[in-house]
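> predicted model and sequence follow; I will ask about them next.
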Amino acid sequence: MSASIIDGKAFAAGLRERIGVLASAFEAAAGRKAGLAVVLVGEDPASQVYVRNKGKQTIACGMESFEHKLPAETSEADLLALVETLNADPAVDGILVQLPLPAHMNEQKVIATINPDKDVDGFHVVNVGRLATGLPGFVPCTPLGCVMLLKDQLGSLSGLDAVVIGRSNIVGKPMAQLLIAESCTVTVAHSRTRDLPDVVRRADIVVAAVGRPEMVKGEWIKPGATVIDVGINRVAGAQEGKSRLVGDVDFASASTVAGAITPVPGGVGPMTIAVLLRNTIVAAHRNAGIALDESAI
Ligand SMILES: NC(=O)C1=CN([C@@H]2O[C@H](COP(=O)(O)OP(=O)(O)OC[C@H]3O[C@@H](n4cnc5c(N)ncnc54)[C@H](OP(=O)(O)O)[C@@H]3O)[C@@H](O)[C@H]2O)C=CC1
Ligand SMILES: Nc1nc(=O)c2c([nH]1)NC[C@@H]1CN(c3ccc(C(=O)N[C@@H](CCC(=O)O)C(=O)O)cc3)C=[N+]21
Ligand SMILES: [Mg+2]
């Protein structure tokens, strides 16, 4: 048996197409473009690549991109002041502060300073609480992108057994909340889970968000299950000095057992950025008081 490959890259391109249409309609109605501000502190090369890609795709969708690059030595007070400026700027609909931040900064404090109605990452406790209670807010981009792929692949998720491996605030926990809202029976596994292979074997849906290259093996997967690989791990490539990206799932073995599986790259990663743009166009409409059928995006 061989799994179907879930093409996140193509799905994300289609999503950006729809966002582009909404962005030009927004510009016509509001008399300005929707705007996304991205703040990067420090010179981490991987983060610089992500931020550059976000900026390019924001502009390609017909929105305005405001990039703020601050040196690693920036004080926390200066970063908080920048966030306050962006909160007050009517041209800015969405604010993303790239994580991780340098060690001398308190990430929770920085996130808490973002206006929840501009928090397109969905990391502010107000948005975490809204998600947990079923109120409208902003949902973290990576888990929302995973649910979009799952519903596209499976239709209704109701009653399915789902296992989420990982319990971080940015992926695992919001992923579990979204699957509960889709009426899955959800198990959350983590580093203290006993007999992870046995837990995974029960699942119709496996979401791996661990940060350990190729940890989840094909023998752990229930035949026909849908596997969503969130992991982004850079490992040494076959050629010396070259690196390649792998997920948290051992794709070679899992793809012989699963019914469907996301690849890395080209699976969840492109969805994360497309959903960020989706959240930004939603924020723009809400903040400008312009109606939008959010369920159609
Ligand atoms: N595609 C995308 O757009 C994105 C990809 N990522 C990627 O997703 C992965 C997860 O990211 P993130 O959630 O931030 O990572 P964190 O490091 O914050 O969380 C990892 C989670 O995995 C658990 N874990 C670690 N080791 C094991 C193990 N041996 N068995 C079971 N569980 C384990 C940890 O458990 P415990 O809580 O007990 O420590 C923790 O809950 C990373 O590869 C990251 O690069 C992240 C964001 C976006
Ligand atoms: N405030 C904040 N919000 C985030 O959403 C956020 C963050 N900080 N910090 C870092 C993580 C990671 N992340 C990714 C985004 C896109 C890809 C992506 O596009 N991946 C491509 C490959 C990219 C490559 O080749 O390097 C793919 O999987 O096909 C991956 C990972 C967002 N994050
Ligand atoms: Mg983390």
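The structure has been received and is ready for your questions. Predicted, not measured: the structure shown is a model, and the values here were computed from it. Ligands and ions are numbered 1, 2, ... in the order given.
> go through the protein and flag its longest helix.
helix 8-30 (DSSP state H).
> buried residues in that helix?
Along helix 8-30, these residues count as buried under the neighbour rule (16 or more other Cβ atoms under 10 Å): 8-9, 11-12, 15-16, 19-20, 22-23, 26-27, 30. Using the backbone N, CA and C atoms, a C-beta is placed for each residue, glycine as well.
> can you name the next helix or strand after the lowest-mean-pLDDT helix or strand in the chain?
Of all helical and strand segments in the chain, the minimum by mean pLDDT, DSSP states H and E falls on helix 45-60, at a mean of 92. The C-terminal neighbour of helix 45-60 among helices and strands, as given by DSSP states H and E, is strand 64-70.
> residue 101 falls within a helix, correct?
No. With DSSP: H, G, I helix; E, B strand; the rest coil as the criterion, residue 101 is coil rather than part of a helix.
> which ones are touching it?
41-42, 79, 107, 110 (Cβ atoms under 8 Å, 6 or more residues apart in numbering).
> could you dump those into JSON lines with secondary structure, neighbour count and pLDDT added?
Shown next, in JSON lines, are these (DSSP: H, G, I helix; E, B strand; the rest coil; neighbours: other Cβ atoms under 10 Å; pLDDT from 0 to 100):
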{"residue": "41", "secondary structure": "strand", "neighbour count": "25", "pLDDT": "97"}
{"residue": "42", "secondary structure": "coil", "neighbour count": "17", "pLDDT": "95"}
{"residue": "79", "secondary structure": "helix", "neighbour count": "21", "pLDDT": "98"}
{"residue": "107", "secondary structure": "helix", "neighbour count": "14", "pLDDT": "97"}
{"residue": "110", "secondary structure": "helix", "neighbour count": "20", "pLDDT": "98"}
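> closest one of the buried residues of helix 8-30 to ligand 2?
Ligand 2 has its nearest neighbour among the buried residues of helix 8-30 in residue 9, at 6.4 Å by Cβ to the nearest ligand atom.
> got the contact list for that closest one?
Remark: with contacts taken as Cβ under 8 Å, 6+ apart, residue 9 is in contact with 265-267, 270.
> could I have the buried ones of the residues you listed as ChimeraX selection syntax?
In ChimeraX syntax, the buried subset of the contacts of residue 9 is picked out as below (16+ other Cβ under 10 Å):
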select :266,267,270
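> and the contacts of residue 9, which is closest to ligand 2?
For the contacts of residue 9, with ligand 2 as the reference and Cβ to the nearest ligand atom as the criterion, the closest is residue 265, at 2.9 Å.
> about what we covered before: any residue of the longest helix of the chain up close to ligand 1?
No. Helix 8-30 lies apart from ligand 1 when judged by Cβ under 6 Å from any ligand atom; the minimum separation is 8.9 Å.
> wait, which of the contacts of residue 9 is closest to residue 67?
Sorting those by how near they are to residue 67, with Cβ to Cβ, puts residue 270 at the top with 19.8 Å.
> which residue, other than its chain neighbours, is closest to the closest one?
For residue 270, the nearest residue in space outside its immediate sequence neighbours is residue 12; the separation is 3.9 Å by Cβ to Cβ, 6 or more residues apart in numbering.
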